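# just the structure for this:
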Amino acid sequence: MQGSAAMMTLRIAPILAVLLLLVAVAEAAPSEDRILALDRYTSDKGRTLGATYGATLKQINASIYHCMPWLEVPREGLGFYKPRDAARDDRYLSLRVYIEQEPSTQFAAMPVEQRASSMFSRYVGPLLRRLASNRAMLNEGSLDGFTVILEWLKETPLSGGRPVHETIAVFLDKATALEYLQGMVKPPDLADRARVYGWDGETPLGRLRLAAWDDNFVSTYKVENYQLAPGVTCQ
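Numbering: from 1, shown residues only. Here you go, the predicted structure:
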């Protein structure tokens, strides 16, 4: 019986090792529910874009998951959405992220336009470059532009209170986005040409006029003790 038990242990050990490896691999992969499913699109135009560039959406989702781990893409936060102010069925490649950062009293004391300008300068350019990684998609006539939605914790809630988040939604038509990616439009002009809407919690703030500047935070910030999954590289 002892021999049988020993043999069983030897057989189980490799199985456990494989299962642990599979769990580790699963945890190292982003959830695909972050991408808008094809049956959730409201028009053939959006559905066709989603089907044609599904692999691109997965690559974008994975690159943010691995290379910008302090950003969280919510469920259905990535897809070809119609902008809120569009009169026709324009389709913008849209990305929504929640920025995990410690709330700052000093930051919260700034005017809302200044907070929004800081977040715009820090994240819109780098995220736009990730969204525009597929050159074939950039030449797609059905793609009308890009949307970057940023959400962050405004301030630490009082004991028992609900956290208050701030959100900005940045809409860029394709011509403006392409000129920025080609270096023809600088951050101040990008902010001036973008359509930006803000929310304080659930309260709409309407359209915001923002300043913007070059910010190298994304290219220089490192999460302490964070290691990339094997085989993953970030640019």
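# low-confidence ranges, the protein, go.
1-28, 157-160 (pLDDT under 70).
# I figured Ser121 hits Ala194, correct?
No. If you go by CB atoms under 8 Å, Ser121 and Ala194 don't touch, sitting 12.0 Å apart. C-betas here are computed from N, CA, C, even on glycine.
# more crowded one of those two?
Neighbour tally, Ser121 and Ala194, criterion other CB atoms under 10 Å: the higher count belongs to Ala194, 26 against 20.
# backbone dihedrals for that one, both of them.
Per-residue torsions, Ala194: phi -80, psi 150 (degrees, to the nearest 10).
# surely it and Phe171 touch.
Yes. Between Ala194 and Phe171 there is a contact under CB under 8 Å: 6.4 Å.
# overlap in contacts, these two.
Between them, Ala194 and Phe171 share no contacting residue under CB atoms under 8 Å, 6 or more residues apart in numbering.
# got the residue ranges for the helices in this protein?
Counting by DSSP state H, the segments of the chain that form helices are 2-27, 44-52, 54-67, 105-108, 112-119, 125-131, 135-138, 174-181, 187-193, 217-220.
# the ones you listed into JSON lines, with extra columns for mean neighbour count and distance to Glu151?
As requested, those are exported to JSON lines (neighbours: other CB atoms under 10 Å; distance: least, CB to CB, whole Å):
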{"stretch": "helix 2-27", "mean neighbour count": "9", "distance to Glu151": "24"}
{"stretch": "helix 44-52", "mean neighbour count": "17", "distance to Glu151": "23"}
{"stretch": "helix 54-67", "mean neighbour count": "18", "distance to Glu151": "14"}
{"stretch": "helix 105-108", "mean neighbour count": "11", "distance to Glu151": "15"}
{"stretch": "helix 112-119", "mean neighbour count": "19", "distance to Glu151": "9"}
{"stretch": "helix 125-131", "mean neighbour count": "19", "distance to Glu151": "13"}
{"stretch": "helix 135-138", "mean neighbour count": "12", "distance to Glu151": "25"}
{"stretch": "helix 174-181", "mean neighbour count": "18", "distance to Glu151": "21"}
{"stretch": "helix 187-193", "mean neighbour count": "17", "distance to Glu151": "18"}
{"stretch": "helix 217-220", "mean neighbour count": "11", "distance to Glu151": "16"}
